[in-house]
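Q: okay, sequence plus prediction incoming.
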Amino acid sequence: MTILVTGGAGYIGSHTCLALLEAGHDVIVADNLSNSNFNNLERVQQIAQKKIVFYKIDVTDELKLGSIFENHTIDGVIHFAGFKAVGESVEKPIAYYYNNLVSTLILAKICIEYNVEKFVFSSSATVYGENKSPFLEMMTLLPTTNPYGETKAMCERILMDIVKANPSLSVSILRYFNPVGAHESGLIGEVPNGIPNNLMPYITQVARGELSNLSVFGNDFPTFDGTGVRDYIHVCDLAEGHVAALDKLRTGVHTYNLGTGIGTSVIQLIEVFEKVTGEKIPYQIVSRRAGDIAECYADVKKAKEELRWTAKRSIADMCRDAWHFEKSRQDNYNY
């Protein structure tokens, strides 16, 4: 199939493009490069030895997005394009609501116009709000603790309503937990703009001396060691989950958690990283971030049963691959 990947030059998007190419699909990427780098796609092509068609556009631009559908026969879309930082969404709610909702609305509208019936949506575990972990897909979605999560929940509801009106559509909603790690080649991985919002790239930048120490946001959560517990999933497992979702798409809306089903605390992740890499990570405890919850981990039975997909890589693998990428980036590449 020919798959349009919006936001495909980003961290998760680039790994998914690689997984799609390796599965035999053709890939078209639409990305405005606001929080990504075209170098990622060049390296994906290098690894896969296959070409990607790239358009530098904003997915909220209906005219430019429509021209891609006009010029190519597209069999399905995977929609990553969106703002994704929880803390930033609290500070910039208007930007998050506009970008994330409008891009989804326009993409869905054009898919209907061009009879593209396969749609995979990048959602998030934040849609569960303050439900109690482990999170199950059938849970009623509670109000989330941040605008980012609200935009994902709204997009899910929008897609459900669109499918009611267009029953030939096949939509898979993938609720991610916490993607970390990098491709084993060391060629692609997570490269945030400025100070990292996510934990793993912050750890790797501390390990190589770019940042002096790690800030651990809160040690007074009701968890076993007081730090936040998350379900960390290797980005390559996550990418393979998208291919599985695409392969198993059927009419209607189908929602899946993509995680490991295992909760790991911030302190545990630091300890595994230090053990695997031999690098010491100095850290300091600071106040909690707005919007953070104590625990967030998945029930993953549905994805295993329906998609025949399960996460295979361990926390140690995630730490090892993230550090390999960080060292490769430092030594060999100009991002």
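A: That came in fine, so what should we check first?
Q: spatially nearest residue to Thr310, not counting backbone neighbours?
A: Nearest residue to Thr310 in three dimensions, chain neighbours excluded: Lys304, at 4.9 Å (CB to CB, 6 or more residues apart in numbering). From N, CA and C alone the C-beta is placed, and that goes for glycine too.
Q: my guess is that neighbour is in a helix, correct?
A: Yes: assessed with DSSP: H, G, I helix; E, B strand; the rest coil, Lys304 lies in a helix.
Q: gap between it and Thr260?
A: 11 Å (CB to CB, to the nearest Å).
Q: same check on Thr227?
A: Taken as CB to CB, the span from Thr227 to Thr260 is 18 Å.
Q: hmm, who's touching whatever helix or strand Cys319 lives in?
A: For Cys319, the element it lies in under DSSP states H and E is helix 315-332. Contacts of helix 315-332 from elsewhere in the structure, counted by CB atoms under 8 Å, 6 or more residues apart in numbering, are 180-184, 186-191, 200-201, 203-205, 207-208, 232, 234, 236, 264, 268-269, 272-273, 275-277, 279, 313, 335.
Q: strands along this structure, start to end?
A: Taking DSSP state E to define them, one finds strands in the chain at 2-6, 26-30, 53-55, 76-79, 118-124, 170-176, 178-180, 214-217, 229-230, 232-234, 252-258, 264-265, 283-286, 295-296.
Q: Ser133: which of these is closest?
A: Ser133 sits nearest to strand 295-296 of all the strands of the chain, at 4.6 Å, using CB to CB.
Q: before we move on, the earlier item: which of the contacts of helix 315-332 are buried, as a ChimeraX select command?
A: Selection of buried members from those for ChimeraX, criterion 16 or more other CB atoms under 10 Å:
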select :180,181,182,183,186,187,188,189,190,191,200,201,203,204,205,207,232,234,236,264,268,269,272,273,276,277,279,313
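Q: stretch 76-90: which residues count as buried?
A: If you call a residue buried by 16+ other CB under 10 Å, then stretch 76-90 has these buried ones: 76-86, 88-90.
Q: Lys304 and Thr260: who's more crowded?
A: The residue with more neighbours, out of Lys304 and Thr260, is Thr260; 24 against 13, by other CB atoms under 10 Å.
Q: out of everything not next to it in sequence, what's closest to the more buried one?
A: In space, Thr260 is closest to Ala311, 4.5 Å off (CB to CB, 6+ apart).
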